[in-house]
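Engineer: Okay, predicted coordinates and the sequence, questions at the end:
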Amino acid sequence: MTVKSGYLSRAIDGLGELSKYSFENMRLVHSPPHRSMYAGGAGIAYTFWKAACALDDPLWLDHARLWIEHVYAAPQDGSQITYPEIPDEPVEIQPADSLLFGDRGLLLTRALIAASEDSEPTLDRSLGKFMAPENKRLPVQEYLQGIAGRLVGSALLYRELGQERLKEYGDALARDLIETAGVTDGSLPWRKNPRLGFAHGRGGNFYALLLWSKETGYALPKWYLPALRQYARSGRKHEHGISWPISEKSEEDYMDTWCNGAPGLIHLWTLAYSHFRDTFLLEAAEAAGEYCIHMPETKLGHICCGAAGVAYAFLALNRIDPGGGWLEQARRYAELAGAGSVMKNWRLGLYGGLAGTVCLMLDMENPEEAALPGVEG
């Protein structure tokens, strides 16, 4: 008899709970964007796909295919959403172009599922639509809705599929992202965007270019490493470790989250150290991790703003510094994630709810291969 670990048992329990819902049922209890990877059906389909890969169980691949095809057939989401915590402040999204809020994440997920099922026609159509020209160029660039998100998605797909057309598409995105950096005579890149975090700020742009270079060998611009080191130095020292403010315009405002704080930027510093082997970047990663150890524990459980996102940061640190105590911290935050609250109107979703916790529990079972959904894998 096979004995399941606590993490695996919780992952399977979560998968069982998700499988009670259909896409149509989810739409009744979730706010838009219903098709998205972040909060909607594509993220749940991704979770079933990840479970199929992790557990080598075709049952979950069947669930993934069923979900993604219903999501794909649904009408496109509108251009405004409201976060459950701030319902009176609608946010503009890019429903066609955003990786996490729009159709690009849906198409990435559909391509991954099709590849796992050896469905060449579906894979070909999904990649073709994923690589379509953007519908609207944002005035500032970021991971969540801009070029950087599509470039990260391209890198993840290229790693899995290795198709040359993805290389050509991603190279074009990288050139566009470099052009928007606006670097002249040693100036810092992406100064039009004052935000510093991963999801909405410059951190995601740095990460996207570096991940694309790592996966494809794309040549980074000469300014990249000096600018990255200068960006790392913009962190603020605390009694324990360092963190980065939400924006350079509000240097006293901090969030201890994946989206806008040190936990998200740890993914940049760990990737940068593994690529450049620059001890300064290792020190930045470790200092950010030290800050995360001592920051107040959150009661939120999800990836975006809660404990699951912090656990993934510690798992990233564990990969570059095994034996450094980071895995124990990841376990601490995995427990907080399992017990924590979810986003009220996105409670089943990948970044705001149950699906993200399931992904984390699957990754805690095999921490050396852990991958934050939509960012690392």
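Structural biologist: Yes, it's here. None of the values given here were measured: they were computed from a predicted structure.
Engineer: Toward the C-terminus, what is the element adjacent to the top helix by length along the chain?
Structural biologist: Secondary structure of the chain per DSSP state H: the longest helix is helix 164-181. Sequence-wise, the next helix or strand downstream of helix 164-181 (DSSP states H and E) is helix 202-216.
Engineer: show me where the stretch 1-150 of the chain has strands.
Structural biologist: Assigned by DSSP state E, counting those that start in this stretch, the stretch 1-150 of the chain shows strands spanning 80-81, 91-92.
Engineer: now the ones you listed in CSV, with mean pLDDT, mean neighbour count and distance to Gly6?
Structural biologist: From N, CA and C alone the C-beta is placed, and that goes for glycine too. Formatted as CSV, the strands of the stretch 1-150 of the chain follow (pLDDT from 0 to 100; neighbours: other Cβ atoms under 10 Å; distance: least, Cβ to Cβ, whole Å):
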stretch, mean pLDDT, mean neighbour count, distance to Gly6
strand 80-81, 88, 16, 35
strand 91-92, 86, 12, 37
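Engineer: Please convert the ones you listed to a markdown table, extending it with distance to Gly186.
Structural biologist: Output for the strands of the stretch 1-150 of the chain, formatted as a markdown table (distance: least, Cβ to Cβ, whole Å):
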| stretch | distance to Gly186 |
| --- | --- |
| strand 80-81 | 38 |
| strand 91-92 | 33 |
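Engineer: so what's Gly170 closest to, chain neighbours aside?
Structural biologist: Closest residue to Gly170 apart from its sequence neighbours, by Cβ to Cβ, 6 or more residues apart in numbering: Ser154 at 3.8 Å.
Engineer: Same check on Leu268?
Structural biologist: Excluding its sequence neighbours, the residue lying closest to Leu268 (Cβ to Cβ, 6+ apart) is Tyr207, at 4.7 Å.
Engineer: tell me the contacts of the one you found?
Structural biologist: The contact partners of Tyr207, taken as Cβ atoms under 8 Å, 6 or more residues apart in numbering, are 143, 148, 152, 198, 267-268, 271, 375.
Engineer: pLDDT score for it?
Structural biologist: Note on Tyr207: pLDDT of 98.
Engineer: Can you tell me how far it is from Phe198?
Structural biologist: From Tyr207 over to Phe198 the distance is 7 Å, taken as Cβ to Cβ, to the nearest Å.
Engineer: Quick check: neighbours shared by the two?
Structural biologist: By Cβ under 8 Å, 6+ apart, Tyr207 and Phe198 have these common neighbours: 143, 267-268, 375.
Engineer: And for stretch 169-186, what's in contact with it?
Structural biologist: Here stretch 169-186 makes contact (Cβ under 8 Å, 6+ apart) with 131, 141, 147-148, 150-151, 154-155, 158, 189-192, 205, 208-209, 212, 216, 218, 221, 223, 227.
Engineer: does the closest residue to His302 other than its chain neighbours count as helix, strand or coil?
Structural biologist: What sits nearest to His302 in space, not counting adjacent residues and going by Cβ to Cβ, 6+ apart, is Gly352, at 4.9 Å. Classification of Gly352 using DSSP: H, G, I helix; E, B strand; the rest coil returns coil.
Engineer: wait, Gly352 sits on Met343?
Structural biologist: Yes. Counting by Cβ atoms under 8 Å, Met343 is a contact partner of Gly352 at 3.4 Å.
Engineer: Those two - which one has more neighbours?
Structural biologist: Taking other Cβ atoms under 10 Å, Gly352 and Met343 do not tie; Gly352 has more neighbours (30 against 23).
Engineer: list the contacts for the more buried one?
Structural biologist: Contacts for Gly352 (Cβ under 8 Å, 6+ apart) come out as 38-39, 84, 302-304, 342-343, 346.
Engineer: want to throw these into CSV with distance to Glu283 and pLDDT?
Structural biologist: Listed next are the contacts of Gly352 as CSV, based on distance: Cβ to Cβ, whole Å; pLDDT from 0 to 100:
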residue, distance to Glu283, pLDDT
Tyr38, 32, 97
Ala39, 35, 96
Pro84, 37, 72
His302, 29, 97
Ile303, 26, 98
Cys304, 27, 97
Val342, 35, 93
Met343, 34, 93
Trp346, 36, 96
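Engineer: between those, which is closest to Leu55?
Structural biologist: Distance to Leu55, by Cβ to Cβ, is smallest for Ile303 among the contacts of Gly352, at 20.3 Å.
Engineer: Now for the closest one, how many residues are close by?
Structural biologist: Residues lying near Ile303 (other Cβ under 10 Å) number 33.
Engineer: for the one 4 residues further on, same thing?
Structural biologist: For Ala307, the count of nearby residues is 27 (other Cβ under 10 Å).
Engineer: Tell me the pLDDT of it.
Structural biologist: Ala307 is assigned 98 on the pLDDT scale.
Engineer: Just the pLDDT for Leu123.
Structural biologist: Looking at Leu123, its pLDDT is 98.
Engineer: could you measure the nearest residue to it once chain neighbours are set aside against Asn135, distance?
Structural biologist: The shortest distance from Leu123 to any non-neighbouring residue, by Cβ to Cβ, 6+ apart, is to Ala114 (3.9 Å). According to Cβ to Cβ, Ala114 and Asn135 sit 23 Å apart.
Engineer: More neighbours: which of these two?
Structural biologist: Taking other Cβ under 10 Å, Ala114 and Asn135 do not tie; Ala114 has more neighbours (21 against 11).
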